[in-house]
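Participant: what's the 3D shape of this:
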Amino acid sequence: MVEIKEQFKNRLHEATGAYIFVHTCPDFDCVSSAVAMSYALGKLGKKSVINTDDIKKTKKWFDKTCSVIADGTEPGIIDVNDFADDLESVSDRIFASDVLRDYEFLGNDPILIFCDCKPTRAGKFAEQIPYSPISDYFTDGNVLVIDHHPAEGQECGTFLIDEDMSSASEMCAYVIRDVLGVPFDRFLSQFLFMGIASDSGFFQHAETSNAADTFALSAELIRNGAVPNMSYAAMNYGREANHNLYLAELLRNVRYDKERKIALVLDDLGLYFDCGPGNRPADVLFEILRSTRNVDVVVFVKYGYEEGRIDCSVRTGVYSDFDAGEFCRKFNDGGGHKHAASFRVWGEFDDVVDRVIELTGFEGVPKRLRKCS
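Facilitator: The predicted structure follows:
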């Protein structure tokens, strides 16, 4: 990792600005890492644009983190008004655009940075980049990919990838501190901590539970202003009652294989529309089922946000031999880690369920029980 950072160090400092990309269906980690990179570059006098194909969700995560910065301020230590300009300036850099534009304010030598994703996973922008006004910037020496998911195939760019990292935010923290030389202030600390904490299940996921470096960095961020308890509250509190209704119904209909090692959860179309996709209780569901005796693997097949799209998320236990990432890579647009992975496909819900059952070796679920309401 250090070798790659040194290789790209000069390019980061020479760039006049940056186009920053996040993956489709953005989460806390990709948004936090992108905002932190944008903010750090701004401290060096470099402007940037964060490109997201879901502006509503991106600003939702942004606003939640900003609320911690505001509410977590201790009187007499720091005045949150000191960050008002920074909050506004970073927020103004978040754009949702149908087409990529060559922004003049980024200068004549901008860099492309992909946070928590490869160029092919940058949502609707992935297909646009090679044919857009910024295509001339899309070269190996001008693209930096910062990701903690395994590399798949040959893609353009210099890859900063470490699967042992808890999150893209952890990787960006090292880039910001060690490569850009920007110290952690309260703003950076809170965003980076939020990304690390959210992607590690607040440090309980199997792949990060023993990562001393992750805890050491998190302690440094806390010393510089991150607020752990309010971060947890921002991520988990304030759910609507429909969230619990959705959760109860999904738990009632969980199907187990004959040995009760695999828990299969099938989304309910009626609940999806009645409760809303924003109330779908995926994280809570996984934690409940992974803590169930004998359960090694949890597979959740769900309706996507686009018509005809089916999503599937897989989580495994600490001692499970099942490789979630390898399983999901058998589907188009799939990938992830050994203990946490996902894929999305377009097609019929039952056809996807049949394929999942076939590849997991799941037994004991009559087809009539697989039909969703």
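Participant: Spell out the residue ranges of the strands in the stretch 201-350 of the chain.
Facilitator: With DSSP state E, counting those that start in this stretch, the ranges of strands along the stretch 201-350 of the chain come out as 255-256, 262-266, 297-303, 309-316, 335-336, 340-346.
Participant: Listing partners with orientation, what would you give for the first one?
Facilitator: Using DSSP bridges, the neighbouring strands of strand 255-256 in the sheet come out as strand 262-266 (antiparallel).
Participant: Could you check the angle the strand it pairs with makes with strand 309-316?
Facilitator: When axes from the mean of the first three to the mean of the last three C-alpha atoms, to 10 degrees is applied, the directions of strand 262-266 and strand 309-316 differ by 160 degrees.
Participant: quick one: contacts of strand 262-266?
Facilitator: 250, 253-257, 285, 289, 292, 295-301, 353, 356-357, 360, 362, 365, 370, 372 (C-beta atoms under 8 Å, 6 or more residues apart in numbering). Glycine gets a C-beta too; all of them are placed from N, C-alpha and C.
Participant: what is the mean pLDDT for it?
Facilitator: For strand 262-266, the mean pLDDT works out to 94.
Participant: cool, stretch 329-347 as well?
Facilitator: Per-residue pLDDT values across stretch 329-347 average out to 85.
Participant: And for stretch 53-69?
Facilitator: If you average the pLDDT values across stretch 53-69, you get 83.
Participant: Give me the buried stretch members for it, please.
Facilitator: For stretch 53-69, a neighbour-count test (16 or more other C-beta atoms under 10 Å) marks Asp53, Asp54, Lys57, Thr58, Lys59, Trp61, Phe62, Lys64, Thr65, Cys66, Val68, Ile69 as buried.
Participant: Which parts of the stretch 201-350 of the chain are helices?
Facilitator: Counting by DSSP state H, counting those that start in this stretch, residue ranges of the helices within the stretch 201-350 of the chain are 212-223, 228-236, 241-252, 269-275, 282-290, 324-328, 349-360.
Participant: Tell me which of those is the most buried.
Facilitator: helix 324-328 (a mean of 21; mean count of other C-beta atoms under 10 Å).
Participant: Please compute how far that helix lies from its chain's middle.
Facilitator: Computed by C-alpha atoms, centre = their mean, to the nearest Å, the separation of helix 324-328 from the middle of its chain amounts to 17 Å.
Participant: likewise stretch 263-273?
Facilitator: On the basis of C-alpha atoms, centre = their mean, stretch 263-273 is displaced by 22 Å from the centre of the chain it belongs to.
Participant: Same check on stretch 170-178?
Facilitator: Average the C-alpha atoms of stretch 170-178, do the same for its chain, and the two points are 17 Å apart (C-alpha atoms, centre = their mean).
Participant: Could the C-alpha coordinates of it be exported in PDB?
Facilitator: C-alpha atoms of stretch 170-178 as PDB (Å, rounded to 0.1, in the frame of the first residue of the first chain):
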ATOM      1  CA  GLU A 170      -9.900   4.100   6.700                       C
ATOM      2  CA  MET A 171      -7.800   4.000   3.500                       C
ATOM      3  CA  CYS A 172      -8.700   7.700   2.700                       C
ATOM      4  CA  ALA A 173      -7.600   8.600   6.200                       C
ATOM      5  CA  TYR A 174      -4.100   7.400   5.600                       C
ATOM      6  CA  VAL A 175      -4.000   9.100   2.200                       C
ATOM      7  CA  ILE A 176      -5.200  12.400   3.700                       C
ATOM      8  CA  ARG A 177      -2.800  12.300   6.700                       C
ATOM      9  CA  ASP A 178       0.300  10.600   5.200                       C
END
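Participant: Same question for it: list its buried residues.
Facilitator: For stretch 170-178, by 16+ other C-beta under 10 Å, it's Glu170, Met171, Cys172, Ala173, Tyr174, Val175, Ile176, Arg177.
Participant: Verify the stated contact: Asp140 with Phe159.
Facilitator: No. Shown here, Asp140 and Phe159 do not form a contact pair, counting by C-beta atoms under 8 Å, at 10.0 Å.
Participant: These two: which has the busier surroundings?
Facilitator: Between Asp140 and Phe159, counted using other C-beta atoms under 10 Å, Phe159 has the larger neighbour count: 17 against 9.
Participant: Regarding that one, which helix or strand does it belong to?
Facilitator: Phe159 belongs to strand 158-161 when assigned by DSSP states H and E.
Participant: State the distance from the nearest residue to Gly225 once chain neighbours are set aside to Leu41.
Facilitator: Nearest non-adjacent residue to Gly225, counting by C-beta to C-beta, 6 or more residues apart in numbering: Arg186, 3.2 Å away. Here Arg186 is placed at a distance of 18 Å from Leu41 (C-beta to C-beta, to the nearest Å).
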